[in-house]
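> When you get a sec, could you give me coordinates for this:
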Amino acid sequence: MGFGDLKSPADLQVLNNYLADKSYIEWYMPSKADVAVFEAVSSPPLANLCHALRWYSHITSYEKEKASLSGVKKALGKYGPAKVADTTESGATDSKDNNDDIDRFRSEEGEESEEAKRLREECLAQYESKKAQNPDLVAKSSILLDVKPWDSDTDIAKLEECIRSVQEDGLVWESSKLVLVGYGIKKLQIQCVVEDDKVGTDMLEEQITAFDEYVQSMVVAAFNKI
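This is a model prediction of the structure:
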């Protein structure tokens with residue numbers, strides 16, 4: 001059945017259920033799949049759709065990067081709990097359409113809007129409430145790290161090997177990719193899933209930047225509660 005056209009409460013509930021154990025529509029990092037589904041959602045999901053709201057607020061922060069996200073934008077009906085042909089007129093390609101002038105990723109000033117901030121805070125509050133009601137719940141986060149090498153001569157394969165050698169209880173390394181920074185230099189983007197009570201971003205930064213022969217700096221590019 002897919003997500004439907006994402007205009008009705010029932011369709012949004014399907015999206016919410018789908019995202020209950022996922023950070024993104026596909027893979028472990030934002031992609032054009034997220035952009036396609038985001039553009040089909042006419043407004044921020046209601047607070048009771050916590051997973052969909054958390055995802056919506058997170059994708060809102062990717063306005064500047066949406067054109068460069070990986071993947072191929074497909075018909076809306078190709079995404080969801082079942083792969084079906086798209087019967088809607090929503091964007092099956094990246095071509096320009098009448099909705100191009102509606103940009104829900106940012107405010108007119110080019111920054112995260114107050115509404116987006118409020119929605120994110122509401123979602124996090126709901127997450128904390130859920131955790132309080134279920135003390136046995138293991139809080140996890142999906143983190144995307146940007147790791148910058150010293151120069152174009154840095155051995156990126158060795159850099160990634162060093163990063164993956166960091167092993168902690170509650171830390172799982174996942175996919176990675178290279179992103180061109182400029183002047184022939186590529187940074188490494190690597191995804192990991194952590195248990196919040198065991199692994200923090202400060203710990204990751206301290207251990208990764210210790211490989212100072214290869215690593216110039218590390219920043220958190222995306223942080224998403226699971």
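> drop to CA atoms for contacts and neighbour counts, all remaining ones
Will do.
> hey, what's the spatially closest residue to residue 171 that is not a sequence neighbour bridged with?
Across the structure, with Cα to Cα, 6 or more residues apart in numbering as the measure, the residue nearest residue 171 apart from its sequence neighbours is residue 194 (4.6 Å). The partner list for residue 194 in beta bridges (DSSP bridges) reads residue 141, residue 171.
> pLDDT score assigned to residue 194?
Residue-level confidence at residue 194 comes out at 92, pLDDT.
> For it, give its distance to residue 158.
For residue 194, the distance to residue 158 under the criterion Cα to Cα, to the nearest Å works out to 23 Å.
> For those two, indicate the residue with more neighbours.
Comparing residue 194 with residue 158 by neighbour count (other Cα atoms under 10 Å), the higher total belongs to residue 194, at 22 against 11.
> Straight-line length of stretch 20-29, end to end?
16 Å.
> How about residues contacting it?
Among residues not part of stretch 20-29, those counted as contacts by Cα atoms under 8 Å, 6 or more residues apart in numbering are 19, 30, 33-34, 51, 55, 79-80, 142, 144, 174-175, 191, 224-226.
> Among the residues you listed, which lie within helices?
For the contacts of stretch 20-29, the ones inside helices are 33, 34, 51, 55, with DSSP state H as the criterion.
> so what's the first one up against?
The neighbours of residue 33, taking Cα under 8 Å, 6+ apart as the test, are 25, 26, 71, 72, 73, 74, 79.
> hmm, which of the residues you listed are the buried ones?
Buried positions within the contacts of residue 33, assessed by neighbour count (16 or more other Cα atoms under 10 Å), are 25, 73, 74, 79.
> quick revisit: the residue nearest to residue 171 contacts residue 138, correct?
No. With contacts defined as Cα atoms under 8 Å, residue 194 does not count as touching residue 138, sitting 10.1 Å away.
> tell me the pLDDT at residue 205?
Listed pLDDT for residue 205 reads 93.
> Is it part of a helix or strand, or is it coil?
Put simply, residue 205 is helix when judged by DSSP: H, G, I helix; E, B strand; the rest coil.
> about what we covered before: among the contacts of residue 33, which one lies nearest to residue 2?
Looking at the contacts of residue 33 and their distance to residue 2, the nearest is residue 79, at 6.0 Å (Cα to Cα).
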